[in-house]
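[1] Any chance you could fold what I've pasted below:
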Amino acid sequence: MHTKKECLQLIDSVLKVAEDPSSAYLLRTRIKRSLLSTSRLATYYAGVETPTLPRILDLPNEAPIQSRNIIRACNTLLTETRKLCQPSEALDTRWEKGWAVVVEELKGLQQQLLDCTFITDK
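    You can find the predicted model right below:
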């Protein structure tokens, strides 16, 4: 399992590649890897089974609110990127606008991880 610091580094690597949306392949692979790692981290600290593949997750109400918020953000990003990451998706204006939305959501997830006090790197 990745640490909080490693998850933040993965997200940062996606954000760097996203500066050039023509790097579609790198975006597709890095976003999935960063969402899976972040989901695993949040579910681990919530005390529930960690996912083996990126997928929509639902945490119980008893899970820490910060874990639920991180998972909610991952779910949103997963849904948005699935629309954009189809192999036939053209690099057109719609695709670039869609990635702009994903970048903003990813920055929000990054901030949630930074603000999360109970997930540590120990």
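[2] ok, the most centrally placed residue in the chain - contacts?
    When CA atoms, centre = their mean is applied to the chain, the residue found nearest the centroid is residue 35 (3.2 Å). Taking CB atoms under 8 Å, 6 or more residues apart in numbering, we find residue 35 in contact with 54, 74, 77-78, 81. For every residue, glycine as well, the C-beta is placed using N, CA and C.
[3] and it, what pLDDT?
    According to the model's per-residue confidence, residue 35 sits at a pLDDT of 96.
[4] so which two of the contacts of residue 35 are the farthest from each other?
    74 and 81 (10.3 Å; CB to CB).
[5] the more surrounded of those two?
    With other CB atoms under 10 Å as the criterion, residue 74 and residue 81 differ in neighbour count, and residue 74 comes out ahead with 28 against 21.
[6] helix or strand for the more buried one, which one?
    Of the helices and strands defined by DSSP states H and E, residue 74 is found in helix 65-84.
[7] What is the subsequent helix or strand relative to that helix?
    Secondary structure here is assigned by DSSP H and E; on that basis, the next helix or strand after helix 65-84 toward the C-terminus is helix 93-115.
[8] Show residues contacting that following helix.
    Contacts to helix 93-115, defined as CB under 8 Å, 6+ apart, come from residues 4, 7-8, 11-12, 14-15, 18, 21, 24, 27, 31, 34, 38, 66, 69-70, 73-74, 76-77, 80-81, 83-84, 89, 119.
[9] Tell me the pLDDT of residue 90.
    Per-residue pLDDT puts residue 90 at 57.
[10] cool, and residue 82?
    The predicted local distance difference test score for residue 82 is 82.
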